[in-house]
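[1] can you look at this prediction? I've put the sequence above it.
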Amino acid sequence: MPTQPKAAVDPDRLPMTLPRLAEKKRLGEPIVMITAYDYPSALVAEQAGVDCVLVGDSAAEVVLGYDSTVAVSLEEMLMLATATRRGLQTPLLVGDLPFGSYEASDELAVLSAQRFVKEAGVDAVKLEGGGPSQASRVAAIVAAGIPVMGHVGLTPQSSVALGGRRAQGRTADRALELARAARALEAAGCFAIVFEAIPAAVAASLTQFLSIPVIGIGAGPDTDGQVLVLHDLLGSPARRRAPRFAKQYADLHAQMLAAVGEYADDVRAGRFPNTEHTFAIDPAELAAFDEGLGAL
């Protein structure tokens, strides 16, 4: 059975742990987090030296082609997380609990989280929202021995109820709601919280308000760390429209289009494959084959 290539790991790098994340907040060392959804992207995250990898439900849109994150199933997320696990050795791996896998009860939330740990090998799970029910789910999962990352602000799974994918906490009352939600998640046992699409000044204050690390996405520069969707960062064709808070570091779409177009041109022009891409056979064996073929 062929073996898979192993991620190149810096021997001086230690696996990321929850105490090390907490220490990064205490020391003011920025936490680097990125999404990944398969083995190749996990290898990139590993070799680039990120601290945390999130198998996000954004996979629904950027990998599976759904119109929103609510469509992705638990089974699909488990498959993606399992593939991602194979490419990672040092980053902390977090699996996103998809819509419908935790809201109904604490028992369902624990069962879903346990499947992520047992079947996909994640180190922690993440869930969205900060209401009383979410705090209850967090407490139940943590009591079952599984670390939980929270997520407040713009929560894509419930974006319809929020009036669309827009910034949250832009009034004093709404910002205080975020503060109460974040504090409740912290009290329930979250080891970190993602803040998405909230004013930078609000995020800065809340980062100081909380004792656990805050990972920002569209929340300004003063959170304890940052996370981006890999496909937004790379300029992948998978994302129909990247959010305004995403920075594009490459234009993978253009490179992929050019490469596939060149391949198609080579095939149609007879330039591919050529001798260097083919296998040879001994002339005597070829003659014997032709003789045998003629007798069929």
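    Ah, there it is.

[2] and Gly225, what are its phi and psi?
    As for Gly225, its main-chain torsions (degrees, to the nearest 10) stand at phi -170, psi 180.

[3] hmm, I typed the wrong one, I wanted Ala143.
    Note on Ala143: backbone dihedrals following degrees, to the nearest 10 are phi -60, psi -30.

[4] how about the strands in the stretch 151-296 of the chain?
    Here the stretch 151-296 of the chain has its strands, by DSSP state E, counting those that start in this stretch, at 192-196, 214-217, 225-228.

[5] which residues does the second one contact?
    Residues from elsewhere that reach strand 214-217 (CB atoms under 8 Å, 6 or more residues apart in numbering): 31, 33, 52, 149, 192-197, 203, 206-207, 223-228, 245. Placement of C-beta: from N, CA and C, glycine included.

[6] again with the last one
    Taking CB under 8 Å, 6+ apart as the criterion, the residues outside strand 225-228 that touch it are 24, 30-35, 51-52, 54, 194, 213-217, 246-247.

[7] one more time with 7 Å
    Residues from elsewhere that reach strand 225-228, judged by CB atoms under 7 Å, 6 or more residues apart in numbering: 30-34, 54, 194, 213, 215-217, 246.

[8] and if you look at stretch 120-131?
    Taking CB under 7 Å, 6+ apart as the rule, stretch 120-131 contacts 54, 78, 81-82, 85, 92-97, 102, 113, 116, 134, 137-138, 141, 146-152, 155, 157-158, 181-182, 184-185, 191.

[9] now a PyMOL select for only the buried ones of the residues you listed.
    Buried members of the contacts of stretch 120-131, defined by 16 or more other CB atoms under 10 Å, are picked up in PyMOL with:
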select buried, resi 54+78+81+82+85+92+93+94+95+96+97+102+113+116+134+137+138+141+146+147+148+149+150+151+152+155+157+181+182+184+185+191
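
[10] so which of the contacts of stretch 120-131 belong to helices?
    Counted as lying in helices by DSSP state H, out of the contacts of stretch 120-131, are 78, 81-82, 85, 113, 134, 137-138, 141, 181-182, 184-185.

[11] could you dump these to CSV with distance to Val70?
    Converted to CSV, the ones in helices among the contacts of stretch 120-131 look like this (distance: CB to CB, whole Å):
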residue, distance to Val70
Leu78, 17
Ala81, 18
Thr82, 22
Arg85, 24
Ala113, 19
Gln134, 16
Arg137, 17
Val138, 20
Ile141, 20
Ala181, 20
Ala182, 23
Ala184, 23
Leu185, 21
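
[12] okay if I get those residues as JSON lines plus pLDDT?
    Shown next, in JSON lines, are those (pLDDT from 0 to 100):
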{"residue": "Leu78", "pLDDT": "98"}
{"residue": "Ala81", "pLDDT": "98"}
{"residue": "Thr82", "pLDDT": "98"}
{"residue": "Arg85", "pLDDT": "98"}
{"residue": "Ala113", "pLDDT": "98"}
{"residue": "Gln134", "pLDDT": "94"}
{"residue": "Arg137", "pLDDT": "98"}
{"residue": "Val138", "pLDDT": "98"}
{"residue": "Ile141", "pLDDT": "98"}
{"residue": "Ala181", "pLDDT": "95"}
{"residue": "Ala182", "pLDDT": "97"}
{"residue": "Ala184", "pLDDT": "97"}
{"residue": "Leu185", "pLDDT": "97"}
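
[13] closest to Phe279 out of those?
    Using CB to CB, Thr82 is the member of these that lies nearest Phe279, at 34.4 Å.
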